[in-house]
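> Here is my input; please provide its structure:
(4 chains)
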There are 2 protein chains.
Amino acid sequence: MRSRLIIWEPVVDAIHPHTAALIRKLESIARLTDEERAALLRLPLRLKTVPADQDIVSEGDTPSECCLIVEGFACRYNVTAQGKRQIQSFHISGDIPDLQSLHLEVMDHNLGTLIPCKLAFIQHDDMRSLMRNHPRLGDLFWRDTLIDAAVFRQWVVNVGRRQSLARMAHLLCELLVRLRAVELVEDHAFELPVTQGDLADAMGLSNVHVNRVSQELRAKGLIALHGKTLKVLDWEGLKRTGEFDPTYLHLVKKEAL
Amino acid sequence: MRSRLIIWEPVVDAIHPHTAALIRKLESIARLTDEERAALLRLPLRLKTVPADQDIVSEGDTPSECCLIVEGFACRYNVTAQGKRQIQSFHISGDIPDLQSLHLEVMDHNLGTLIPCKLAFIQHDDMRSLMRNHPRLGDLFWRDTLIDAAVFRQWVVNVGRRQSLARMAHLLCELLVRLRAVELVEDHAFELPVTQGDLADAMGLSNVHVNRVSQELRAKGLIALHGKTLKVLDWEGLKRTGEFDPTYLHLVKKEAL
DNA sequence: CGATACGTTGACGGAAATCAACCCCGGTGG
DNA sequence: CCACCGGGGTTGATTTCCGTCAACGTATCG
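Next up, the predicted model:
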């Protein structure tokens, strides 16, 4: 399984290391042919590095390109009239959070960085011709946006009906599974470089309460924190606490979920 | 504007009155050509009437057809391990709530009726060939699922960061705008045939609290209830209370929002 | 006419918000 | 080199919004 990767991975790195995470992500939700991988690698990219806490696209914008996250942590969010921020999703390497702008002209939310990010912008026209020449990739991108929607639905459940401990456990489970799909998890540990305030805005809680819940998860021996790296000590226990069922992520590789 | 409809509406009714609501809904988010309308009208439908509180599709199912709601109120929902239901969206005439099953094999949530519904089922294969023959309709359906996703995102904001009064006001605003797009609103009044318990499960509140908030909205002169019909007395006030901005519904007809 | 589901009301309790310190640590500049 | 600064993490005290429980009213329907 690892060996399959080796066949093409060096090629990826030689041409566009930036597309590697995207391909990895797409392969987590479908199989790709060599031709499709090659077409993805030929996508023209405009690279950019963005500092932390910066908007990539804002509410009201009408973007003409999509943003691929090569490295870093980003999020979609809205701010209410009372100035409260609600994060709607986290985005990691391989994600194209504003793929929707292909079909929805005006942004109804903001897309911003949480830490410094390496981004690769892809012109809408290039995306469209890619999908015209490779209809299966078009379907796959549609599938990807549908999975995004499934994540939003689960967040509604999480925020609406789970109390804080389960809520946080669920979020951490989701992050672990998604990060593992792009090979950013080793031994049930991953980098979580966001602040407690960011997590609070994602869960509809206050930063103070997130702090307390985080301590409770540690006290129960479910997770451990060393700096910005989070290690899951009891995966089964964390899943149970968060009532986590990964079905909604619609991954094709189901090992070790 | 009304006259444009008259040109084709009788034809619709003559052939498949059941598709009329779908066409009306699609025309609220994009323009259709006569040919596209005709193609939609030729869709083979399997009609079915379903009583209230019945699942149409359940978590874990792998449907081979999509469900068009001809008449009634349905919802998508999940139930947590503690037995709490969270509704993720309401669906009305013209909606195809499980369009996603075209690209996501297994259902990660339930789709159920809230009141007796008239449904029309469309085979996946028929949808696929429709979209193959009319790529613009394919894009349009993709757009439709993206708008669904935008609604989920707003619900995350609503449930996560707005307190009960604003939360309920926002939900009612959304319902009014969506119902108006399929011509189910007259003079700022519409049928809301769901129970307070249903609304509670949609907003992540208790039914008792929904009752109190509903009274508060009435006391403030924002809405009035006569049986199952809800009349918005102060549209501007309700929008302000719910911090409602209809951008996220991505309607093409923007009058009277 | 009773059964049942839904709406309404009041009393009480609890989960999480808010407020206000304080600590810790890495970065910066004098 | 150390003092200062500021962001983030931590803690305790207090408040508030909303949940829960339990009762009662009301309407619809067989």
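
> So what's the residue count around A:Pro116?
Counted with other C-beta atoms under 10 Å in any protein chain shown, the neighbours of A:Pro116 add up to 15. Yep, even glycine has a C-beta here, placed from its N, CA and C like the rest.

> So is stretch A:169-182 next to DNA strand C?
No. Counting by C-beta under 7 Å from any atom of the strand, no contacts exist between stretch A:169-182 and DNA strand C, the nearest distance being 11.9 Å.

> secondary structure element for A:Ala20?
Using DSSP states H and E, A:Ala20 falls within helix A:17-29.

> how about that helix as PDB, C-alpha atoms only?
The C-alpha coordinates for helix A:17-29 follow below in PDB (Å, rounded to 0.1, in the frame of the first residue of the first chain):
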ATOM      1  CA  PRO A  17       5.100  19.100  -4.700                       C
ATOM      2  CA  HIS A  18       2.300  21.500  -4.000                       C
ATOM      3  CA  THR A  19      -0.300  19.300  -5.700                       C
ATOM      4  CA  ALA A  20       0.900  16.200  -3.700                       C
ATOM      5  CA  ALA A  21      -1.400  16.900  -0.800                       C
ATOM      6  CA  LEU A  22      -4.400  17.500  -3.100                       C
ATOM      7  CA  ILE A  23      -3.800  14.100  -4.800                       C
ATOM      8  CA  ARG A  24      -3.400  12.400  -1.500                       C
ATOM      9  CA  LYS A  25      -6.700  13.900  -0.300                       C
ATOM     10  CA  LEU A  26      -8.600  13.000  -3.500                       C
ATOM     11  CA  GLU A  27      -7.200   9.500  -3.300                       C
ATOM     12  CA  SER A  28      -8.700   9.200   0.200                       C
ATOM     13  CA  ILE A  29     -12.200   9.700  -1.200                       C
END
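
> Might you calculate how far it sits from the centre of the chain?
Relative to its chain's centre, helix A:17-29 lies at 12 Å (C-alpha atoms, centre = their mean, to the nearest Å).

> can you check stretch A:46-59 too?
Worked out by C-alpha atoms, centre = their mean, stretch A:46-59 lies 16 Å from the chain centre.

> ok, and for that stretch, which residues are buried?
By neighbour count on 16 or more other C-beta atoms under 10 Å in any protein chain shown, the buried set for stretch A:46-59 is A:50, A:56-57, A:59.

> Which ones among those lie within strands?
Assigned to strands by DSSP state E, the following of the buried residues of stretch A:46-59 qualify: A:50, A:56-57.

> Close to chain B as well: tell me which of the buried residues of stretch A:46-59 qualify.
For chain B, the contacts drawn from those by C-beta under 8 Å from any C-beta of the partner chain are A:Glu59.

> will you turn the buried residues of stretch A:46-59 into JSON lines that also has pLDDT and distance to A:Lys118?
JSON lines is the format used below for the buried residues of stretch A:46-59 (pLDDT from 0 to 100; distance: C-beta to C-beta, whole Å):
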{"residue": "A:Val50", "pLDDT": "95", "distance to A:Lys118": "8"}
{"residue": "A:Ile56", "pLDDT": "98", "distance to A:Lys118": "12"}
{"residue": "A:Val57", "pLDDT": "98", "distance to A:Lys118": "16"}
{"residue": "A:Glu59", "pLDDT": "98", "distance to A:Lys118": "24"}
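
> which residues of chain A fall in helices?
Along chain A, counting by DSSP state H, helices occupy A:2-15, A:17-29, A:34-41, A:124-133, A:135-161, A:164-181, A:196-203, A:207-219, A:235-242.

> Would you mark the buried spots in the second one?
Along helix A:17-29, these residues count as buried under the neighbour rule (16+ other C-beta under 10 Å): A:18-29.

> and chain A, what are its domains?
Residue ranges for the domains of chain A, per automatic domain parsing: A:8-151, A:162-249.

> Please report how far the residue nearest the centre of chain A lies from A:Glu71.
Centroid-nearest residue in chain A, with C-alpha atoms, centre = their mean: A:His91, separated by 3.0 Å. Remark: distance between A:His91 and A:Glu71 (C-beta to C-beta, to the nearest Å) = 12 Å.

> For A:Ile92, grab the count of nearby residues.
Counted with other C-beta under 10 Å, A:Ile92 comes out at 22.

> pretty sure it is in contact with A:Glu183, am I right?
No. The pair A:Ile92 / A:Glu183 is not scored as a contact, 11.0 Å apart, by C-beta atoms under 8 Å.

> Mind putting the buried residues of stretch A:46-59 into CSV with distance to A:Leu171?
What follows is the buried residues of stretch A:46-59, written out as CSV (distance: C-beta to C-beta, whole Å):
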residue, distance to A:Leu171
A:Val50, 24
A:Ile56, 22
A:Val57, 24
A:Glu59, 24
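
> Nearest to DNA strand C among the buried residues of stretch A:46-59?
When those are ranked by distance to DNA strand C (C-beta to the nearest atom of the strand), A:Val50 comes first, at 17.6 Å.

> got any ranges where chain A has weak pLDDT?
A:1-16, A:255-257 (pLDDT under 70).

> what does it have sitting close to DNA strand D?
By C-beta under 7 Å from any atom of the strand, the residues of chain A that approach DNA strand D are A:195-197, A:207-208, A:211-212, A:214-215.

> Show me which of the residues you listed are buried.
A:195-196, A:214.
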